[in-house]
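1. Give me the fold of what follows.
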Amino acid sequence: MTSKRFTDEFKAEAVKQVTERGYPVSEVAERLGMSTHSLYAWLREQGVSRQARSMQKTDDLAQENARLRAELRRVEEERDILKKAAAYFAKG
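-> Here you go, the predicted structure:
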């Protein structure tokens, strides 16, 4: 039985897909044709823990939530202005 040998660049890209892009380990491993155990080992080698990955997801969600709240506030203000304008022109 032969085992696949992966280059350092391949390993780094696989780890980046999990850490920076937020893909699940199982999805990345399946897509790249490798075992999840290998990918978890590479993550450990890079010093990326499960807790660090979950904290990053939490931070990303908080940033997205703040962005969406700001956008909602802006859209509600625009809606209110358009309501007032429509009422003004309906009177005239």
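
2. Now the phi/psi pair for Leu61, please.
-> Per-residue torsions, Leu61: phi -70, psi -40 (degrees, to the nearest 10).

3. Can you get me a residue count around it?
-> 10 (other Cβ atoms under 10 Å). Backbone N, C-alpha and C define where each C-beta goes, glycine included.

4. Run through the protein and note the low-pLDDT ranges.
-> Low-confidence segments of the chain (pLDDT under 70): 1-3, 49-56.

5. what residues go with each domain of it?
-> The chain breaks down into these domains under automatic domain parsing: 1-48, 50-92.

6. Of those, which stretch is the most buried?
-> Neighbour counts (mean count of other Cβ atoms under 10 Å) averaged over each of the domains of the chain peak at domain 1-48, with a mean of 13.

7. Not counting sequence-adjacent ones, nearest residue to the spatially most central residue of the chain?
-> For the chain, Gly22 is the residue whose C-alpha lies nearest the centre (Cα atoms, centre = their mean; 4.6 Å). Nearest residue to Gly22, sequence neighbours excluded (Cβ to Cβ, 6 or more residues apart in numbering): Lys57, at 6.2 Å.
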